[in-house]
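*Asks:* build me a structure from this.
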Amino acid sequence: MYLDPLERMPGEVVPVTPPIKTIKLEPWRQLLLEAADILERRGWCQKHLIDVRGRMCTVGAMTSVWDIEADWDMSVVSEAQDELTKVVGPLVEWNDTKGRTKEEVLKTLRYVARLEHRL
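*Replies:* Next up is the predicted model:
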């Protein structure tokens, strides 16, 4: 006889899973995470907001997220850029630095979004 793994035995104690805590992110943090997701899907480039292959630079991806989020004003993009700049310096120069990789950009965007928030 085989037992159904979903069927409980009489008297079996079923562990209770605690609810997952949902954290509401500040819009600028959400913007950085979504920009990273866009770059991961579409690709990342240097020297252009968007290149002929549809890849985007860091600023292009951040602006793209702002275009999608109708309830955000431009100050959300400015705040995200300010927070990112505190870590990497001037964004265009950082994005376009020779040898910079897509993986570095994704990791940095996600790191800054979680900085001091410990997500």
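*Asks:* contacts and neighbour counts: CA atoms only from here.
*Replies:* Fine.
*Asks:* please report how far the residue nearest in space to the middle of the chain lies from R110.
*Replies:* Nearest to the mean C-alpha position of the chain, counting by Cα atoms, centre = their mean, stands L33 at 1.6 Å. According to Cα to Cα, to the nearest Å, L33 and R110 sit 6 Å apart.
*Asks:* repeat that for L39.
*Replies:* L39 is 12 Å from R110, by Cα to Cα.
*Asks:* please apply the same query to W94.
*Replies:* Separation of W94 from R110 (Cα to Cα): 16 Å.
*Asks:* what does V65 give?
*Replies:* Per Cα to Cα, V65 is found 15 Å from R110.
*Asks:* which one's more surrounded, those two?
*Replies:* Legend: neighbour count by other Cα atoms under 10 Å for V65 and R110, higher for V65 (22 against 18).
*Asks:* verify the stated contact: that one with L31.
*Replies:* Yes. Between V65 and L31 there is a contact under Cα atoms under 8 Å: 6.3 Å.
*Asks:* identify the residues contacting I68.
*Replies:* Listed by Cα atoms under 8 Å, 6 or more residues apart in numbering, the contact set of I68 is empty.
*Asks:* R100 now?
*Replies:* Contacts of R100 (Cα under 8 Å, 6+ apart): W94.
*Asks:* check what pLDDT it gets.
*Replies:* Per-residue confidence at R100 stands at 97 (pLDDT).
*Asks:* how about low-confidence regions in the chain?
*Replies:* Low-confidence segments of the chain, defined by pLDDT under 70: 1-22, 70, 117-119.
*Asks:* could you redo the last one with a cut-off of 90?
*Replies:* The model of the chain has pLDDT under 90 over residues 1-25, 66-74, 115-119.
*Asks:* do a quick rundown of the strands in it.
*Replies:* Shown for the chain, no strands are assigned by DSSP state E.
*Asks:* need the helices for it, in chain order.
*Replies:* Listed in chain order, the helices of the chain (DSSP state H) span 27-42, 58-68, 74-88, 91-95, 102-114.
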